[in-house]
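Visitor: Quick one, structure for this:
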Amino acid sequence: MAPTARSGGSGSASPIQWRPWGRAAFAEAVSGDRPVLLNLTAVWCLFCLRMEEDTYADPARAATINAEFVPVRVDVDRLPHVQERYIAGGWPTNAFLTPTGEVLWAGTYVGPAEFDEVARGVVAAWKGRRGELRLEVQRRRRALEAARNRQPTAALVRREAADDVVSGVRQAFDARHGGFGEAPKFPYPDAVELLLAEARITGDVAFLDMAERTLDGILAGELWDDVDSGFYRYALGADWTAPRLEKLLDPNATLLRAFALGAAIRGRADWRLRAEEIVAWVEGTLRREDGLWAASQHADGEYWTLDAAGRRGRTPPAPDSTVYAASNAYWIRALAEAGARLGHPEWVERAAGALPLLLQRFAAPDGLLFHFQAAGQPPAMAGLLMDPLEAARACIMVAQANGRREFLDHAVALTAGMTATLWADAGGFYDHVRSEDDVAALALRDRPFEANADAGRLLLDLHHATGERSYRALAERILATLSSLAGRYEIAGAAFALGVEEFFDQPCMVVLVGDPEATAALRAAAFRLPDADLKVWTLPEGGRIGALAFPARPTPAAYLCGRHGASAALTDPGALAGAGSR
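Guide: Just a heads-up that it's a prediction; the model follows:
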């Protein structure tokens, strides 16, 4: 059963008879010979709210929509795989489709007059130029199917492909304001991580300078809410000014990772403070009574534009009552990593406490996870790649941050579920398990580039942590498959480039031998090492990490591992913290 359509955030019932995404809506369009009006919306999206009030709330226009189209509304947070196939540059996306799901016209925010003009044109073309439209739709379908069929199979992992990504990041860097590209300006925390890693690997201070200018540019701009705290999603100005006034958990989690990593490596007190302020805002605003976190605050067309005096006495926009597995997992990973890097064990403890709750509540068949849970409802929408992937990555990070083996076991189980249900014979993971509602563009299977790059890094972590060579073999197939595509992704290929570096050169690893509590001081010292691709594994009774064996010991010890093997046993945290990372 497809999830029901949510309102666009106006707080009142819509006069449009919105259908949920699914087989029934498109069957109705076919039987009634009517185009589909697809609206992609989100509760946190200000322009979605504006379009609801300006365009869709008008009764006469709604009557026309109900009569001439089959209107389908999709909450993009609940059905991200539908969004990925139809997004037209931003939110909201409004698309007129054939009854079988091909796009006739698509755009973002559409005001009343323009909407009426476009709708009249679509109706006229559908009724009067059907043959011409059919030929155009067939041409597009053949081109799309050909492009899908050309998706590469695994060949070789190419270091040159990662170099192309690094070159693209350098070329896109904005030397004046920091960040990448021109307006609008989005934070790309994975690119910052890549720059910090490249600076350490190559010794080229230019990479370090780009990372520092980016984080400093974000600090100097208006992306941070100086009144209520928290980062907005992105800035309309190239100098990080004129932010789009929407607050979500995921962007704050990515920026927490970036500022915490930068502070740990460069010793910057201002970056540390901003990381601490992010945590304070998320915990104070988005944390729920049940121990998990809301994914966003509702859109508000007025509140965020007010200064401190204007907001005084007003109630901030409410957090979304729907809980999302992937967003919670991402925050848990960021919280654990930042806590370990910055010496906040209470953050690690909070992350470790929330993760079992998340895994239990959202557990789904076949070793996967449900995607969301609406207020008062059971969890729903099983079978998306993003949920077990992000949860497994969170498990890996928590296992490193507190040394508990059970979290590594959870990561192994989640990865097994992903591999059994979503692995593609040609290499890589599909974005979702097939269902009866795979109509229109969902009928085309997709292996998303960025998610598969993240999966490749997860598999390499599991290979190092468990010694299982099968994980490395799967990672190799993923990275090889992505290698021929990476050049076109530039900044968005940063996770792939990091994965290729980790594939060819073993990252800096610290192996701790001893009980997790007994090795706590050594673990804290390990996380102070200035390395962006640092890995910290704990073996309570000794064992193997990759090709290296570590005997059980009567007292805790740490081993610094690099490309040439492991160091002698280090028992003094001060000696470990002062050791080099290679």
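
Visitor: list the buried ones in the worst-scoring helix or strand of the chain on mean pLDDT?
Guide: Of all helical and strand segments in the chain, the minimum by mean pLDDT, DSSP states H and E falls on helix 130-149, at a mean of 74. Going by neighbour count (16 or more other C-beta atoms under 10 Å), the buried part of helix 130-149 is 133, 137. Where C-beta positions appear, they are placed from N, C-alpha and C, glycine not excepted.

Visitor: How about stretch 304-320?
Guide: Result for stretch 304-320 [16+ other C-beta under 10 Å]: buried residues 304, 311, 317, 319-320.

Visitor: any chance of those in CSV, plus pLDDT and distance to residue 110?
Guide: Output for these, formatted as CSV (pLDDT from 0 to 100; distance: C-beta to C-beta, whole Å):
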residue, pLDDT, distance to residue 110
304, 91, 23
311, 95, 31
317, 95, 24
319, 97, 28
320, 96, 24
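
Visitor: got the CA positions of the helix or strand containing residue 388 in PDB?
Guide: Here residue 388 sits within helix 386-402, counting by DSSP states H and E. C-alpha atoms of helix 386-402 as PDB (Å, rounded to 0.1, in the frame of the first residue of the first chain):
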ATOM      1  CA  MET A 386      19.200   4.700   2.100                       C
ATOM      2  CA  ASP A 387      17.900   3.400   5.400                       C
ATOM      3  CA  PRO A 388      20.000   0.300   6.000                       C
ATOM      4  CA  LEU A 389      23.000   2.000   4.400                       C
ATOM      5  CA  GLU A 390      22.900   5.000   6.700                       C
ATOM      6  CA  ALA A 391      22.100   2.800   9.700                       C
ATOM      7  CA  ALA A 392      25.100   0.500   8.900                       C
ATOM      8  CA  ARG A 393      27.400   3.500   8.600                       C
ATOM      9  CA  ALA A 394      26.100   4.800  11.900                       C
ATOM     10  CA  CYS A 395      26.800   1.400  13.500                       C
ATOM     11  CA  ILE A 396      30.400   1.400  12.100                       C
ATOM     12  CA  MET A 397      31.000   4.900  13.600                       C
ATOM     13  CA  VAL A 398      29.500   4.100  17.000                       C
ATOM     14  CA  ALA A 399      31.500   0.900  17.100                       C
ATOM     15  CA  GLN A 400      34.700   2.900  16.500                       C
ATOM     16  CA  ALA A 401      33.700   5.600  19.000                       C
ATOM     17  CA  ASN A 402      32.900   3.400  22.000                       C
END
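
Visitor: Correct me if wrong: residue 44 contacts residue 300.
Guide: No. With contacts counted by C-beta atoms under 8 Å, residue 44 stays clear of residue 300, the gap being 9.5 Å.

Visitor: Comparing those two, which residue is more hemmed in?
Guide: Using other C-beta atoms under 10 Å as the criterion, residue 44 and residue 300 rank with residue 44 on top: 26 against 20.

Visitor: What distance do you get for residue 61 to residue 565?
Guide: Distance from residue 61 to residue 565, counting by C-beta to C-beta, to the nearest Å: 71 Å.

Visitor: quick one on the thing from earlier: what's the first helix or strand after the helix holding residue 388?
Guide: helix 405-422.

Visitor: How far does that following helix sit from its chain's centre?
Guide: 19 Å (C-alpha atoms, centre = their mean, to the nearest Å).

Visitor: Using PDB, write out the CA atom coordinates for the following helix or strand past it.
Guide: Where DSSP H and E defines the elements, the next helix or strand beyond helix 405-422 is helix 449-466. What follows is helix 449-466, C-alpha atoms only, in PDB (Å, rounded to 0.1, in the frame of the first residue of the first chain):
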ATOM      1  CA  PHE A 449      26.000   7.100  -7.800                       C
ATOM      2  CA  GLU A 450      26.400   8.800  -4.400                       C
ATOM      3  CA  ALA A 451      24.700   6.100  -2.400                       C
ATOM      4  CA  ASN A 452      26.800   3.500  -4.000                       C
ATOM      5  CA  ALA A 453      30.000   5.500  -3.300                       C
ATOM      6  CA  ASP A 454      28.900   5.500   0.400                       C
ATOM      7  CA  ALA A 455      28.200   1.800   0.200                       C
ATOM      8  CA  GLY A 456      31.700   1.200  -1.200                       C
ATOM      9  CA  ARG A 457      33.200   3.000   1.800                       C
ATOM     10  CA  LEU A 458      31.000   1.000   4.200                       C
ATOM     11  CA  LEU A 459      32.200  -2.300   2.600                       C
ATOM     12  CA  LEU A 460      35.800  -1.300   2.900                       C
ATOM     13  CA  ASP A 461      35.300  -0.400   6.600                       C
ATOM     14  CA  LEU A 462      33.800  -3.900   7.100                       C
ATOM     15  CA  HIS A 463      36.600  -5.500   5.300                       C
ATOM     16  CA  HIS A 464      39.200  -3.800   7.600                       C
ATOM     17  CA  ALA A 465      37.200  -4.400  10.700                       C
ATOM     18  CA  THR A 466      36.300  -8.100  10.100                       C
END
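
Visitor: And the contacts of whatever helix or strand comes next after helix 449-466?
Guide: Once helix 449-466 ends, the next helix or strand along the chain (criterion: DSSP H and E) is helix 469-483. With contact meaning C-beta atoms under 8 Å, 6 or more residues apart in numbering, helix 469-483 is reached by 151-158, 161, 415, 419, 423, 426-429, 447, 449, 452-453, 455-457, 459-460, 462-463, 496, 499-500, 503.

Visitor: distance of the residue nearest the centre of the chain from residue 393?
Guide: By C-alpha atoms, centre = their mean, the chain has its centre lying nearest to residue 250, at 6.7 Å. With distances taken as C-beta to C-beta, residue 250 is found 13 Å from residue 393.

Visitor: How about residue 367?
Guide: 16 Å.

Visitor: So the two - more neighbours on which side?
Guide: Applying other C-beta under 10 Å to residue 367 and residue 393 shows that residue 393 carries more neighbours, namely 22 against 16.
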